[in-house]
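**Student:** The sequence and its predicted three-dimensional model are supplied below.
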Amino acid sequence: MNSSDRAPHPENYLTAGEPGLWSWLRTHDHKRIGILYAVGITFFFFLGGIAATLIRLNLVTPAGTLMSAETYNKAFTLHGVVMVWFFLIPSIPATLGNFLLPLMIGARDVAFPRLNLFSWYLYVGGGLFTIGALLLGGVDTGWTFYTPFSTMFSNTHVVLAVVGVFVVGFSSILTGINFIVTVHTMRAVGMHWFRLPLFVWALYATSLVMVLATPVLAMTLSLIALERLLGVGIFDPALGGDPLLFQHFFWFYSHPAVYIMILPAMGVVSELITCGVRRQIFGYRFMAWSMMAIAVIGFMVWGHHMFVAGQSMYAGIVFSILSFVVAVPSAIKVFNWVATLYKGTIDFHAPMLYALGFVGLFMLGGLTGLFLAATALDVNLTDTYFVVAHFHYIMVGGSVMAYLGGIHFWWPKITGRLYPEGPARFAAILMFFGFNFTFFPQYLLGYLGMPRRYHAYPEPFQWLNVLSSAGASILAVSYLMPLCYLGWSLWRGAPAGTNPWRATGLEWTTPSPPPVHNFPLPPVVNEGPYRYRP
Amino acid sequence: MMPTTLQASSIAPDIDALFNAMLVLSSVVVVGVFGTMIVFCVRYRRGSPADRTERKNQSLAVELTWTLVPLALFIGLFGWSIGLWQRLQTPPADAAVIYVVAKQWMWKAQHPNGQREINALHVPLGQPVRLVMTSEDVIHSFYVPAFRVKQDVLPGRYTQLWFTATRLGHFTLFCAEFCGTDHAAMQGDVEVLPPGLYAQWLERHASATLASRGASLFRQLGCSGCHGGQSTVHAPDLNGLYGRTVALSDGSHIVADDRYLHDSIMLPALQVVAGYAPIMPSYQGRIGEEDVLALVAYLKSPAREYAHEQQ
Amino acid sequence: MSEASATLVAHRAAQFDDAAQQRESSVLGMWLFIATEVLFFGVLFAGYTFSRVRFPQAFADGGARTDLLLGSIETGILLLSSCLAALAVRDVRFGACRAAGRLLWGTAMLGVAFLVLHGVEYHAEYGEALVPGIRYHPSGHPQPAMMIFFCLYYAITGFHSLHVAIGVALLSRMAREASRGAFSADYFAPVEVTALYWHLVDIVWIFVYPLVYLVGRST
């Protein structure tokens, strides 16, 4: 063991250059930009989490006496807007993706480093607009901004919120462009497409969706702003406009958006499982192509959010079959992950626990998606807590767990420190149980008929709501724990060394933390990923 | 024991059958996958003596199996669901119509015989009922969990849903599309009565029928001033209009359905009849959606009644 | 070291291995950005199509009130400017950097001319009270749905003009750099991607022109 394994490498991206905040705010280094995003994302996660806490506290009593209806409506709007656009969509791509993509392909940085920094400033700027809307009294339209309520009836700060989302959308678009170009043009010698780690495939598929879907959101939000500011537009039925047109535009983006939220998570899980099992992934090509299939088919299913909205019966039929079809590649991935466990040598460290939790919870969420794809069932289940439970299983049980698993897995590489394994495993297991405790009752609530976005509800629904809120308190603790012990490890964690997991992947061949330009010498690649020798 | 929602409509048992089938299938998958995961995690944990030699990293046969089998199952479920969907979307021809107007934050229903109610809906047992619905402001959604039906209610157009109640009693009506401050309070009570009692109830507070109310409005609002037989203004004749094909000034043709009649009153300049000047004033903001429904009911009523009213 | 390879070395950004990689990346990046713009404007075109199918007469009426002469001149201007931009790229590829600079200035000025003419159009439309939400009292008895036509008209042409203005700024910067000999046969990607962007601006207008100005004229 040489001296470089005893302490974080002295000359690394964290310590390089001038000290102080200003050099960070002008950085072009993708690794520093990833950390800048991580700070923002953590802030927004807890802001959205506070909104969630208020929601669940209010729902403990049927009369909803904790807060007024107006405040409640603003709370769930804030929760949705913040969690979707300021936490989930950027979380894995902008933090882990930014940090790891060049490392994984053997590049010095992304294709457009200055554009990367600009993306971060757009993220912050968009966030400031949204926080401004919050401070000025909030928005009560729901994160979906349905017209004509959002354009003609709400008297809250819709335009400010919409501007914030517009701006952060461009952060997303530019990141997507950066990643696509990086993967196309900056791979190391010998790193051809089918030697790429699956996380890179995931980022690539995600970036395609970001680039093609987000502009639609941008224009749709602009039209809302115009209609609010000028009082006229194309969604106003009094003029002959059509409120349903808004829904088509909105969901044409927002359905692919959910794939932006899950694809990177799937990529992370493939990395975590292969290392945790110390075997090659089962079915590498199917895993790669299935992510591309999800990205493409994901653009064709938006109408399943509108089965009872006033679409024709035939639209319902078409979107239903396509929604069933889009579930197939996801099912393939779940089976492949399980097959990867076969004849492996499994370590149950925290990242592996998060990955296994992901597979279970994603599967539960995905199966309930099939219920919703069946139009006849969706008639009953849509706009109830069944849908709320479905998407939280995927986004929280799925994406958030994968994000945390990835943070833990690459923590040694990013910080040069090891986190304490005991508390980490405990938090992962607590999170799995807390999550189910919170959201499984919501499937029952929806099945029994409780609509969503209700600040008060009929008495018979109370016991399930109390159960869900109790679970939420456990979940909250399990989210606070990593904040504590990961923070602790920055000061007191043991030095990580270059490859504490003995993982494959180019990022593990360079010191922890990496030097500014990632690799002392440009790597040359001779084999595919996940060449674990047990 | 997990409570279940009552099945109070003719389609509810069939919806529940599909739901339960999917629940069973999902449970099988969950048990299978979770079970396999647990078995593998135990068998292949580090330090266990299991055989780890000769593991393949890919298999086309396996991949195709677990692609095509789910796909086939999904198509089967899809087919089953579509049969039910078509039923949900196709009201029987003999369904009785009730008109519903939603507004922030209440439900208003009008029976054709004139009976009106707020936040309540009385329907007969065993007879199909078709609701024709519109909103006065934002999008709402009419949802009765016990009937397994839901349909968004939009401003500026009519949407419909139908059901046949199969159980007597009171069932909750929820608004299921977020519509503002008191969205959660916008509930109603659907009461299913035996047909005899329902008929009695209809007569109890019966005032003018919807159509005759429409006839009064037709005179009060000045419609007959232009559209009446005595008028000197060149305005289209409305006798027997409902269901006819109308030639519009831009060369297209349209069937005069509920929406056409509604828009002709509220947005008359949108679809001008061929050969007429676009001089009809709009009644947008002057009358509410319930009054429009009354006028539409009047215009749909048999020609003799219409002609009688004209004198 | 020759001037060309000095330029090459001076311009190679640190993250790239070589100039070819840098150029490939710039061009691919701009094509992706163009894809996003197609989807961005696509929403407006979709909204336009949907509304026009529902209200053909109102849209014809609205289209007839636009200024066909100015619109046609603007189309000619943009087509010519795209031609100049393409010639500029060709020049710079063959090392005629200063000639390219002149062409780029020409392109930029044509862009400015477009904006001026469009400003004249907007001014006239304000005078005729055809600006929904701000000043809207159209003459005659147009259908209410004509307001939708004009909402879309201002949204489409407004966003397009914004893109033209940005393009003018980019072209001016490229023109200035080219006049100073900053580009060569080995290093011209910035000009190439700026020209690509300008072609996008032109193509969007090629769709706008018939949809907005020519609809309803044949009746």
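**Tutor:** Great, that's in hand.

**Student:** and the longest helix for the chain?
**Tutor:** Since no chain was named, I'll use chain A. Identified as the longest helix of chain A according to DSSP state H is helix A:243-277.

**Student:** My question was about chain C, not that one.
**Tutor:** Determined from DSSP H, the single longest helix within chain C is helix C:19-54.

**Student:** List the contacts of the residue of the stretch 101-250 of chain B at minimum distance from chain C.
**Tutor:** When distances are taken as C-beta to the nearest C-beta, the stretch 101-250 of chain B reaches nearest to chain C at B:D250, 3.9 Å away. To be clear about C-beta, it is placed using only N, CA and C from the backbone, and glycine gets the same treatment. Going by C-beta atoms under 8 Å, 6 or more residues apart in numbering or on different chains, B:D250 touches C:56-57, C:60.

**Student:** tell me, which of the residues you listed make contact with chain B?
**Tutor:** C:56-57, C:60 (C-beta under 8 Å from any C-beta of the partner chain).

**Student:** Quick one: those residues as CSV, columns for secondary structure, pLDDT and neighbour count too.
**Tutor:** Output for those, formatted as CSV (DSSP: H, G, I helix; E, B strand; the rest coil; pLDDT from 0 to 100; neighbours: other C-beta atoms under 10 Å in any protein chain shown):
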residue, secondary structure, pLDDT, neighbour count
C:P56, helix, 86, 18
C:Q57, helix, 84, 23
C:A60, helix, 90, 18
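
**Student:** export the contacts of B:D250 to a markdown table and tack on distance to B:S9?
**Tutor:** Shown next, in a markdown table, are the contacts of B:D250 (distance: C-beta to C-beta, whole Å):
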| residue | distance to B:S9 |
| --- | --- |
| C:P56 | 42 |
| C:Q57 | 44 |
| C:A60 | 48 |
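
**Student:** any idea how far chain B is from the spatially most central residue of chain A?
**Tutor:** Of all residues in chain A, the one closest to the mean position by C-alpha atoms, centre = their mean is A:L88, 3.2 Å from it. Per C-beta to the nearest C-beta, to the nearest Å, A:L88 is found 21 Å from chain B.

**Student:** Verify the stated contact: that residue with A:M395.
**Tutor:** Yes. Between A:L88 and A:M395 a contact is recorded at 6.0 Å, counting by C-beta atoms under 8 Å.

**Student:** Identify the contacts common to the two.
**Tutor:** Residues touching both A:L88 and A:M395 (C-beta under 8 Å, 6+ apart) are A:M261.

**Student:** what's the average pLDDT for the host helix or strand of A:V379?
**Tutor:** Using DSSP states H and E, A:V379 falls within helix A:375-381. Averaged across helix A:375-381, pLDDT comes to 97.

**Student:** contacts for the helix or strand that comes right after it?
**Tutor:** Elements were assigned by DSSP H and E; along the chain past helix A:375-381, the next helix or strand is helix A:385-392. If you take C-beta under 8 Å, 6+ apart as the criterion, helix A:385-392 is touched by A:258, A:365, A:368-369, A:371-372, A:381, A:438-440, A:442-443, A:445-447, A:450-452.

**Student:** Repeat that for stretch B:214-228.
**Tutor:** For stretch B:214-228, contacts defined as C-beta under 8 Å, 6+ apart pick out B:208, B:231, B:233, B:235-238, B:280, B:283, B:286-287, B:291, B:294-299, B:301, B:309-310.

**Student:** of these, buried ones?
**Tutor:** Burial by neighbour count, judged by 16 or more other C-beta atoms under 10 Å in any protein chain shown, picks out B:235-236, B:238, B:280, B:283, B:287, B:291, B:294-299, B:301, B:309-310 from those.

**Student:** Could you check how far A:S270 is from chain C?
**Tutor:** 25 Å.

**Student:** Return the per-residue confidence for that residue.
**Tutor:** 98.

**Student:** What residues does it make contact with?
**Tutor:** Contact analysis of A:S270 by C-beta under 8 Å, 6+ apart lists A:197-199, A:202, A:281, A:287, A:337.

**Student:** Which one of the residues in chain C is closest to chain B?
**Tutor:** Per C-beta to the nearest C-beta, the residue of chain C with the smallest distance to chain B is C:Q57, at 3.9 Å.

**Student:** wouldn't that residue be in contact with B:A274 here?
**Tutor:** No. Applying C-beta under 8 Å, one finds C:Q57 not in contact with B:A274, separated by 11.1 Å.

**Student:** what do those two both touch?
**Tutor:** Common neighbours of C:Q57 and B:A274 are listed as B:S249 (criterion: C-beta under 8 Å, 6+ apart).

**Student:** what secondary structure does the residue in chain C positioned nearest to chain A sit in?
**Tutor:** Chain A sits closest to C:G133 of chain C, with a gap of 2.8 Å, by C-beta to the nearest C-beta. Three-state assignment for C:G133 (DSSP: H, G, I helix; E, B strand; the rest coil): coil.

**Student:** Tell me the spacing between it and C:I148.
**Tutor:** The gap separating C:G133 from C:I148 is 12 Å, by C-beta to C-beta, to the nearest Å.

**Student:** Just want to know which of the two has more residues nearby.
**Tutor:** C:I148 (29 against 16; other C-beta atoms under 10 Å in any protein chain shown).

**Student:** Go through the helix or strand encompassing that one and flag the buried ones.
**Tutor:** Take DSSP H and E as the rule and C:I148 turns out to sit in helix C:146-179. Of all the residues in helix C:146-179, those buried under the rule 16+ other C-beta under 10 Å are C:146-157, C:159-161, C:163-164, C:167-168, C:170-172, C:174-175, C:177-178.

**Student:** now swap in stretch B:126-143 and tell me
**Tutor:** For stretch B:126-143, burial by neighbour count (16+ other C-beta under 10 Å) applies to B:128-143.
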